[in-house]
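**Q** Got a predicted model here, sequence first, then my questions.
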Amino acid sequence: MKKPRLAVDLGPNLVLKNPVVTASGTFGFGLEYAPFGDLALLGAVVIKSVTRHPRRGNPPPRLVETPAGVLNSIGLENPGVEKVVKEILPALRATGEVTVIGSVAGETVEEYVEVSCRLAEAGVAALELNLSCPNVKAGTLFGHDPRLAAQVTRAVREALGDGFPFLVKLGVVGNDFLAVARAVVEAGATGLSLINTLPGLAVDVKRRKLLLGQGTGGLSGPAIRPVALWAVWRAYRELRVPIIGMGGVAGVEDVLAFLLCGARAVAVGSGTLAFPRLAWELVEGLEQALAKEGVEDVRELIGMVAGS
Amino acid sequence: MIHEAEILSQRRLAPDIYRLELFAPRVAEQAQPGQFLMVRTSISLDPFLRRPLSVNAVDRRRGAVALLYRVVGRGTRLLAERKLGKRLNVVGPLGRGFTVPLSGPVVLVAGGLGIAPLFFLAEVCRQRGNEVILFYGARSQEELVLRRELESLGIKVFWATDDGSLGERGTVVELLKKKGLPPAAPVYAAGPPPMLKALAAALKDMGREAEFSLEERMGCGVGACRGCAVKVREGKDFVYRRVCADGPVFKAGEVVWE
């Protein structure tokens, strides 16, 4: 049986050896999962969102299990861009030929620009602008407003220069996410990462209070998969840009479903919490599934169910 | 680090408390007291997350690892229904365990299921020749589990129950205050947060250092998701540490109790 081709591109300047990547926040900075597999075998490691200064994150409890999912309110805990650039990225690179995508969060346009530039200079292969964290003040400020989303995207594009690949990560709540998606694409984003967690709540009925320390949280896991597929499918039909699809990926069928809906790459998120080797298993499983079905090139599948 | 471990035995010790024994030779070889396993309770995607369970004992000769747990929800209910001979997917051993002195007496303080890691610690301390004094409290006599096994370790045990059905009536912390501690013996504790909070205050008054094993809802168990935060003092300020990877054992004095 011939080995299928797994490589995909996300725009002209970013080729991934396969379409399986990690979703920001669920894979730490990659190093935490290095004991479970060779990070260089993954399409890319998308690291946890980085801000200009260290953030200690939200008060506990930060996480609660929900039906076939997880509700979290971590609050962008991260050591700040300085430490990420000086210590974490070199350590990650020391594990092998890892394709790293940096995730950027911020409260102002200037912060997005500064952190993006620092990470790009440090040699990440691409960036993801997180405009849709539901768990911090101002986290979704940019992602819910086409004008602001375009403003930050344009500023980052100008600072990085033409050609540097970056995607914008959006949720699907708020104003019509397609309006935001269209705005960031027109403002220079290479593509989209869809979707972030959905807003959610859990109640401690016995104690008569909200369960998460911060109150509200973001829902992920298989519970949100149909919403994520819908968002990818819609964005692909309307915009035809590179998309990393994510939301509840737990098996090879899910990877195939996202590809068929128009994603060029698929991110494994909370599935990693449940199955630490899931991303690697999906790379192997995808190759086997394609070989079995006689698909020679994974790119044949992209957008197949999204019409013309 | 991921193991498909056969269930060797599953024993109900109290109405909602079970002890599960797994065949996992590498875990048995490596595990240290205070470390835990992330256990898949379901064979489907719901319940979604693993359950963190402390290693309760290891038998290196048989390659066996025991876990102690209380049925509190769907995940642990499914676990209690798992049959002998079936395999359980576990990740571990994970986390930083207790630091034990090479010699001298040690004091262990267990509240409820806090006995899970402390039983393992007591065993290891006995093997090393430490004198072990255990204060063990629970709601009632039937929830003071592993009594015979503890007594056969040759350790000194003080029992406490909320209802007075065995040992002293009252909390384990009150009992410890009443009995006092041998000089210079380090203290190791595990149990529900209110107990640990009260114990931390009592030990502070006595000027004693202690190590506490904490519990928190966990996502990944390996330090990646930052879901299991505990507030820890840093100078005059505080930071959040990860219970799974920076702990689950912390110095009692550094934890900020809410």
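**A** The structure has been received and is ready for your questions. Numbering: from 1, shown residues only, chains lettered A, B, ... in the order given.

**Q** CA only for contacts and neighbour counts going forward, please
**A** Noted.

**Q** ok, which residues in chain A are in contact with chain B?
**A** For chain A, the contact set with chain B under CA under 8 Å from any CA of the partner chain comprises A:25-30, A:32-33, A:35-36, A:56-57, A:59-70, A:72-74, A:77, A:222, A:272-274, A:276.

**Q** Can you flag which of those residues belong to strands?
**A** A:Leu63, A:Val64, A:Glu65, A:Thr66, A:Gly69, A:Val70, A:Asn72 (DSSP state E).

**Q** which residues touch the nearest residue to the fifth one once chain neighbours are set aside?
**A** Just to be clear, that refers to A:Gly69. In space, and not counting its chain neighbours, A:Gly69 is closest to A:Gly221: 4.2 Å by CA to CA, 6 or more residues apart in numbering or on different chains. Each residue near A:Gly221 by CA atoms under 8 Å, 6 or more residues apart in numbering or on different chains is listed here: A:Ala68, A:Gly69, A:Val70, A:Gly247, A:Gly248, A:Val249, A:Gly269, A:Ser270, A:Gly271.

**Q** let's see it at 10 Å
**A** Going by CA atoms under 10 Å, 6 or more residues apart in numbering or on different chains, A:Gly221 touches A:65-71, A:197, A:246-250, A:268-274, B:45, B:48-49.

**Q** List buried residues within the residues you listed.
**A** Among the contacts of A:Gly221, the ones that count as buried by 16 or more other CA atoms under 10 Å in any protein chain shown are A:65-66, A:68-71, A:197, A:246-250, A:268-274, B:45, B:48-49.

**Q** Could you check which residue of the stretch 51-200 of chain B lies nearest chain A?
**A** B:Val91 (8.5 Å; CA to the nearest CA).

**Q** what are the bridge partners for that residue, then?
**A** Under the criterion DSSP bridges, B:Val91 forms beta bridges with B:Ile2, B:Met38.

**Q** For the residue minimising distance to the centre of chain B, pull up the helix or strand it's in.
**A** What sits nearest the mean C-alpha location of chain B, by CA atoms, centre = their mean, is B:Pro117, with 3.0 Å. Assigned by DSSP states H and E, B:Pro117 belongs to helix B:115-128.

**Q** as a whole number, average confidence for that helix?
**A** Averaging pLDDT along helix B:115-128 yields 96.

**Q** And for stretch A:227-236?
**A** Stretch A:227-236 comes out at a mean pLDDT of 96.

**Q** what does stretch A:5-15 give?
**A** Stretch A:5-15 comes out at a mean pLDDT of 96.

**Q** One more: stretch B:197-208?
**A** pLDDT averaged over stretch B:197-208 gives 94.

**Q** before we move on, what about stretch A:155-169?
**A** Stretch A:155-169 comes out at a mean pLDDT of 97.

**Q** Which strands or helices does the helix holding B:Pro117 pack on?
**A** strand B:51-59, strand B:64-70, strand B:106-111, strand B:132-138, helix B:147-152, strand B:187-190 (3 or more CA pairs under 10 Å, 6 or more residues apart in numbering or on different chains; DSSP states H and E).

**Q** Packing partners of the first one?
**A** Okay, so that is strand B:51-59. Counting contacts by 3+ CA pairs under 10 Å, 6+ apart, strand B:51-59 is packed against strand B:17-23, helix B:25-30, strand B:36-39, strand B:64-70, helix B:74-81, strand B:87-94, helix B:115-128.
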